[in-house]
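Engineer: Pasting the sequence and the predicted coordinates here, then a few questions.
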Amino acid sequence: MKKIRSGQSFLYRAQGYKGTVLEARMKDRVDGKALQTALDHTVRRFPDLTQQLVLKGADYYLAADQAPMKATETLDLRPLGGAQVDYHLVDVTFTVNAIRISFHHALCDGRGIKPFMETLLFYYCSLKYNTRFSAEGIHTVNEFPDSSETQEPISTLRRPVDSRKLIPVITDGFQLPEATATPNDCRCTEIQVDQNNFVRYAKEHGATPAIMVAMMLSHAIWKLHSNTARPIVCSMAVDLRAAAGFEHTRRNCTGSFYLPYSTQVAHSDQDETSQEYRSLIAAQRSPNMVNKSLNMQTELFNKLDSLPTFTQKQQFMSMFDHLIINTYVLSYVGRMQCNDFATHIDSVHLYSSDVKGMTVNMTAAADTISFDVLQGFRNDAYAKAFIEELEQAGIATQSTATFSFDTGHDESCVTASSHLQHV
């Protein structure tokens, strides 16, 4: 067994933690038999993602789960860590044309589960279409799992920081008036654009795709609340693996870069704002700023490790139960490695119902970029305003009506304490 460290911030929640789902929409009906065989191949390459949680004393550990993973046809997203999924922290299900991977953030993050999905899709498409697709960039069973893939990126030691070289960053901006710490439900609007058109437009203005989304969405929000004195702040989730020295780990290793959008910025052109955001990101990516961010996580996990009882740890983590990140979160999981089997994939989506304000997840696959606008309130004005920004830029969109969804609480907080007897 191995003690969890970087995943602790997703444990010790009184009601459990909501699962996260990476979903591939296929162009053809899903073949359950091919998917199960593909899953069997995939778990051989990623044995660490078949583990279960064990609670020993007040600490959570990862331990082997000998039960086979089963690809199940169901509309439901099953509770992770519970008996329905044989205590696994990853569950693969499918519907008529969708392959869904539910995963627990205590085990890995979006960048950590991405290679698993890529390998699963590679084997699935190869089997279903009886074709030898390119395996470039895919982790196949011919590779031996490397220990660096499961290293804990956050140690107990603080990293060196030169306080003289730190820069001030606006981290807390305007709060959406609809945002609440206790949402009744979570809602989603799916927006899709042509990847080539969007990337081309971003490059024309000197922006990366993620920077362009931040500019457009912040401007959309600002137009609806142009009288606010506080800036609209995009909290951009960033992968800190390389900076932490653990580039290949699947464990949680993310931070945030902050991009404020004020009235002054709103009256600048996109080229200027793009350059300003690039400079802000470069400054926040400096070793001192990154080390400061990693040290905050070190301090959090050191504090948790110092608390002797489960109840004390749960009480300490309750501060996150009502946390709203203002103004919104933007997360780009990256471009899926789909090679020549991309012709069988329509789009890929990332979503979780653990949202109190607003989060936009961005995923690129095949010829499509998907924006999943997740919100803990009913008002869809921000999603509509974002669509308007895209179309005014000449980027055609396809979108759904806003719908309610729930990825379900995990059951590991209940079942983990009983696992010692059979581990």
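Structural biologist: Nice, I can see it.

Engineer: mind saving the C-alpha coords of stretch 141-150 as PDB?
Structural biologist: The C-alpha coordinates for stretch 141-150 follow below in PDB (Å, rounded to 0.1, in the frame of the first residue of the first chain):
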ATOM      1  CA  VAL A 141       0.800  -2.900 -23.700                       C
ATOM      2  CA  ASN A 142       4.200  -3.200 -25.300                       C
ATOM      3  CA  GLU A 143       5.500  -0.600 -22.900                       C
ATOM      4  CA  PHE A 144       6.400  -1.500 -19.400                       C
ATOM      5  CA  PRO A 145       4.800   0.900 -16.800                       C
ATOM      6  CA  ASP A 146       7.400   3.200 -15.400                       C
ATOM      7  CA  SER A 147       7.700   4.100 -11.700                       C
ATOM      8  CA  SER A 148       7.900   7.800 -12.500                       C
ATOM      9  CA  GLU A 149       4.200   7.600 -13.600                       C
ATOM     10  CA  THR A 150       3.100   7.100 -10.000                       C
END
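
Engineer: Can you give me the buried ones in it?
Structural biologist: Glu149, Thr150 (16 or more other C-beta atoms under 10 Å). (Each C-beta comes from the backbone N, C-alpha and C, glycine too.)

Engineer: And for stretch 183-190?
Structural biologist: Pro183, Cys186, Arg187, Cys188, Thr189, Glu190.

Engineer: Can you tell me which of these is nearest Phe310?
Structural biologist: Pro183 (26.7 Å; C-beta to C-beta).

Engineer: List the contacts of the closest residue to that closest one other than its chain neighbours.
Structural biologist: Nearest in space to Pro183, with sequence neighbours left out and distances taken as C-beta to C-beta, 6 or more residues apart in numbering, is Gly376 at 3.2 Å. Residues counted as contacts of Gly376 (C-beta atoms under 8 Å, 6 or more residues apart in numbering) are Ala179, Thr180, Pro183, Asp185, Cys186, Arg187, Val355, Lys356, Gly357, Met358.

Engineer: now those as CSV including pLDDT, secondary structure and distance to Tyr60?
Structural biologist: Compiled in CSV, the contacts of Gly376 are given as follows (pLDDT from 0 to 100; DSSP: H, G, I helix; E, B strand; the rest coil; distance: C-beta to C-beta, whole Å):
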residue, pLDDT, secondary structure, distance to Tyr60
Ala179, 96, coil, 30
Thr180, 94, coil, 29
Pro183, 91, coil, 27
Asp185, 89, coil, 28
Cys186, 95, strand, 25
Arg187, 97, strand, 31
Val355, 93, coil, 24
Lys356, 91, coil, 24
Gly357, 95, coil, 28
Met358, 98, strand, 30
